[in-house]
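>>> Got a predicted structure here, sequence first:
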Amino acid sequence: MNELFWGMSGMTWALMGAAFAAIGGGIGSAIGITTISNTASGIVTEDSEKFGRVLPLAAMPGTQGIYGLITAILVLQFFEILLQTTAPNIPGELGFKIFLSCLPVAVLCLVTAIYQGMTAVGAAGMVARRSEDSGKALIFPALVETYAVFALIATILMLFSLRGIYMG
Amino acid sequence: MFYRKSVTEPIRYGYAVGRVRVLEGRMLSGGTYERLLDAPSFTEQRRVLSDSPYGRFLEDVETVEDIERGLDRALDELYGFLVTANLPLPVIRFFRVRYDYANLEARLKAELLGAPVDDLLVGLGTIPVEVMRGPAAQLPKFVRDIYMAFADEGSEVSEERITTTVDRALFADLSESAKDSKSRFLAGLAALMVDLANLKALLRARTKNWRAPDAAVLLLEGGNVSGAELMKLYSSSVPEIAEALAKRGPLKGVSAERIVDLGNYDVLADDLVVRYLKRARMVAAGPEPVIGYVMARQAEVMMLRMLLIGRLSGVPTEVLRRRLRERYE
């Protein structure tokens, strides 16, 4: 039952998937937030009243890091890894499938957070010129967010399915 | 490479771009220029500018020299922004080095004519004014070499040769700084400036019926159109050259009548530079918006100088209006 898959145990594959999701989302968010925060800092340096209007833009790429964390927690929770005192019984094949299920979040959250940061820079330029456009400015980075949400939904659905099939 | 640049440039230039986005909104509007043109006196112009970023530089200003000093301080603050915005040194050099060459040219000409140099030097370059007026041995190499070359020539030096030699060195330096900055936008700007200077030299030389070899000497390296390419047109008449230039190169699309009007060529050249700079507004992050803004502010100071000194000197409004350049908006 605890056989290896391509030389690695199911537990190792599952943890690697969870780790990739958390790392990918985290790296993407860090880069995305750094990108927009630099521009937001420049705007606030010249006009401190715009702080409240650029803050949502600066926070936006942070959601991908949260999606990565959610994915990691779901893997640990669904497949009974979290807070266990003994190694859970995850077949190698299931572990590999868990790993594959984590890839949408791991890859898409990494990429979309970076691009969202870049889009937010353009949107911050709109806010800097016309404060009243701050609502419209939020929409463009939010469109990029859509694909991170789709990735999270895909990952959650796959993890749910695997849990149903293998864990009963 | 492209992907790495698209990630690193918004981070590297992000802070400067953020500041520029706000500062762009504080640039003088078309309405302000109209009010400056319509203002009956310099005092009224100063009142119009009192709420602008130039207001504090023009307080208690009365004379042409005061205006020059006030606007130089505004430019100095602008170049200070480049440093605080943490822009790469070649970019800062691109903007400031022209003043070093202008100071060198002023010193060489003053020494040639036996005039005092002190009032002619501007403290906006990379070399402090004290060094610029000090012993030649203490000058940085890039200006010392030119200075010493003229010193060795003695009586054969002429004002025209000083201008030509210094201009050639300036444009070579600008092209080199643009290349060092690794900004394609800045390199394109340097090439456009060389092209516009070459076309002006070509048209001037042809209008004065200079011999082709004398005209060829004036043409600079580093433009989009080579000197050899331009010299192929030299056997044609000025209107024919203008017709040909209106169909290609940086003057493409400009009417031939406007090209041959050499008295207003500088206005045309500045308009073409502004049109190039406007591309920067389409870039969300990177060096382009910062370069575009600094160039636009330089042009703004130049227009203000013309409007304020023109009004103080009694230049008619219509003449001033004709000298106004296209704005960066």
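In hand now; what should we look at? Quick caveat: nothing in here was measured; it's all calculated off a predicted structure.

>>> alpha carbons only for contacts and neighbour counts from here, please
Will do.

>>> shaky segments in chain A?
A:1-2 (pLDDT under 70).

>>> how about the residues of it that lie near chain B?
A:34-47, A:114, A:118, A:121-122, A:124-125, A:128-129 (CA under 8 Å from any CA of the partner chain).

>>> just checking, which of those belong to helices?
Within these, residues falling in helices by DSSP state H are A:34-46, A:114, A:118, A:121-122, A:124-125, A:128-129.

>>> Does A:A87 touch A:E80 like I think?
No. A:A87 lies out of contact with A:E80 (CA atoms under 8 Å); the separation is 9.2 Å.

>>> Which one of those two is surrounded by more residues?
Higher neighbour count among A:A87 and A:E80: A:E80, with 15 against 9, using other CA atoms under 10 Å in any protein chain shown.

>>> and the gap between that one and chain B?
38 Å (CA to the nearest CA, to the nearest Å).

>>> so how far is A:S161 from the residue lying closest to that residue once chain neighbours are set aside?
Nearest residue to A:E80 in three dimensions, chain neighbours excluded: A:P88, at 6.5 Å (CA to CA, 6 or more residues apart in numbering or on different chains). Shown here: A:P88 relative to A:S161, a distance of 19 Å by CA to CA, to the nearest Å.

>>> Check A:M118 too.
From A:M118 over to A:S161 the distance is 35 Å, taken as CA to CA.

>>> swap in B:D119?
Distance from B:D119 to A:S161, by CA to CA: 82 Å.

>>> What residues does chain B have near chain A?
Within chain B, the residues that sit near chain A (CA under 8 Å from any CA) are B:7, B:10-11, B:14-25, B:284-285.

>>> From those residues, list the buried ones, please.
Buried by 16 or more other CA atoms under 10 Å in any protein chain shown: B:7, B:10-11, B:14-24, B:284-285, out of the residues of chain B next to chain A.

>>> Relative to A:L55, which of the residues you listed is nearest.
Each of these was checked against A:L55 using CA to CA; the closest is B:G18, at 13.3 Å.

>>> list the contacts for that closest one?
The contact partners of B:G18, taken as CA atoms under 8 Å, 6 or more residues apart in numbering or on different chains, are A:38-43, A:124-125, A:128.

>>> Export the residues you listed to a markdown table and append columns for neighbour count.
Formatted as a markdown table, the contacts of B:G18 follow (neighbours: other CA atoms under 10 Å in any protein chain shown):
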| residue | neighbour count |
| --- | --- |
| A:N38 | 22 |
| A:T39 | 32 |
| A:A40 | 31 |
| A:S41 | 22 |
| A:G42 | 24 |
| A:I43 | 30 |
| A:A124 | 32 |
| A:G125 | 25 |
| A:A128 | 29 |
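
>>> May I have the helix or strand harbouring B:K5 exported as PDB, CA atoms only?
Using DSSP states H and E, B:K5 maps to helix B:2-24. C-alpha atoms of helix B:2-24 as PDB (Å, rounded to 0.1, in the frame of the first residue of the first chain):
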ATOM      1  CA  PHE B   2      12.900  40.000 -21.900                       C
ATOM      2  CA  TYR B   3      11.000  38.300 -19.000                       C
ATOM      3  CA  ARG B   4      13.800  39.200 -16.500                       C
ATOM      4  CA  LYS B   5      13.700  42.800 -17.700                       C
ATOM      5  CA  SER B   6      10.000  43.000 -17.500                       C
ATOM      6  CA  VAL B   7      10.100  41.900 -13.800                       C
ATOM      7  CA  THR B   8      13.200  43.900 -12.700                       C
ATOM      8  CA  GLU B   9      12.500  47.200 -14.400                       C
ATOM      9  CA  PRO B  10       9.200  47.900 -12.700                       C
ATOM     10  CA  ILE B  11      10.900  47.200  -9.400                       C
ATOM     11  CA  ARG B  12      14.000  49.300 -10.200                       C
ATOM     12  CA  TYR B  13      12.200  52.300 -11.500                       C
ATOM     13  CA  GLY B  14       8.900  51.800  -9.600                       C
ATOM     14  CA  TYR B  15       9.600  54.500  -7.000                       C
ATOM     15  CA  ALA B  16      10.700  57.100  -9.500                       C
ATOM     16  CA  VAL B  17       7.700  56.300 -11.800                       C
ATOM     17  CA  GLY B  18       5.300  56.700  -8.800                       C
ATOM     18  CA  ARG B  19       6.600  60.100  -8.100                       C
ATOM     19  CA  VAL B  20       6.600  61.100 -11.700                       C
ATOM     20  CA  ARG B  21       3.000  60.100 -12.100                       C
ATOM     21  CA  VAL B  22       2.100  62.700  -9.400                       C
ATOM     22  CA  LEU B  23       4.500  65.300 -10.600                       C
ATOM     23  CA  GLU B  24       3.300  65.100 -14.200                       C
END
